[in-house]
Structures are given as C-alpha cells and as structure tokens.
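Novice: The amino acid sequence is not available; the structure is as follows:
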C-alpha cells in the first residue's frame, strides 16, 4: 500500500459521509490496532513498516473469521453477515494473495535455500517462506503447504 495511514483516513471519512456503520466499525478497529502496535513498537507516532501493517490487518481479518465461524455454528446469521461485511472491508488493505503455483515455487525456493530434507527443518522453512511471502500468503495455508512438501 502506498500510504497506509492516508488511505485508511480517507476511507474512514468516506464511511462517515456514507453513514456506512459496518465499514466505519471495521476501519476504526483497524486504526486502533495500528495505533496500539505503533505505541508498543516505540511510542505514539512511531511509524509501522508495511509488513507490520499487513500483519495487523491479517490479524483483524482472522479475528473476524473466527467470530464468523462462531456465529454460524450458533445459528446467528445476522451477526455472521456483519462479520463477513467487515472482512470484505478489511481485505482491501491486504496485498494480492499468491496463487497456488507462486506459493509452491516460493516454498521450493525456501526448501532449497535451507537444504531441508525432513520435518526437522520445518520451522526454518516456514519462517523463511513467510518472510519471502511478505504478507501475501496466510500463515496457516503456508505452513500446511510446507508440511505437505516435507511430510
């Protein structure tokens, strides 16, 4: 994202003008999470690098996906719909996901770089692959693909 905070601020203003409560709630929660992360990193006003910002957006999306699953399991479709709408809003802040072929190639590179031949190097390969993916692959998907390759 070119300027993450400026884009977020513009989207917040647009959601306020449009009286879009769902988008407003999701964006405010994201802004709070980003601010909290900046404070933890080095105090108020500390800039987060793009990878850190993407990680926070992913965490926000993951929280909503977990809530969505809970609402669906407990037959609360009205609440599940709100969570799904918030996920859609937040996904605009994520970089384009890697295709299956790109992910496979990235994992192959990581395995070759580490020289992994067994599950003993699983953690190292996953860490390197996550670094190479730079937020364009979900951690769970990535680790499952690595496990399948080293299994």
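Specialist: The structure has been received and is ready for your questions. Predicted model only: the values in this text are computed from it and were never measured.

Novice: Report the contact partners of residue 77.
Specialist: residue 71 (C-beta atoms under 8 Å, 6 or more residues apart in numbering). Bear in mind the C-beta positions are built from the backbone N, C-alpha and C, glycine included.

Novice: pLDDT score for it?
Specialist: Per-residue confidence (pLDDT) for residue 77: 94.

Novice: Mind checking what helix or strand follows the top helix by length along the chain in sequence?
Specialist: As assigned by DSSP state H, the longest helix anywhere in the chain is helix 50-73. Counting by DSSP states H and E, the next helix or strand C-terminal to helix 50-73 is helix 77-91.

Novice: and the next element down the chain from that next one?
Specialist: Past helix 77-91, the next helix or strand by DSSP H and E is helix 100-114.

Novice: could you measure the residue minimising distance to the centre of the chain against residue 135, distance?
Specialist: The centroid of the chain falls nearest to residue 58 when counting by C-alpha atoms, centre = their mean (1.7 Å). Separation of residue 58 from residue 135 (C-beta to C-beta, to the nearest Å): 7 Å.

Novice: How about residue 142?
Specialist: Distance from residue 142 to residue 135, by C-beta to C-beta: 11 Å.

Novice: and if you look at residue 93?
Specialist: From residue 93 to residue 135 the distance is 10 Å (C-beta to C-beta).

Novice: and the two? which has more neighbours close in?
Specialist: The neighbour comparison of residue 93 against residue 135 (other C-beta atoms under 10 Å) goes to residue 93, with 22 against 18.
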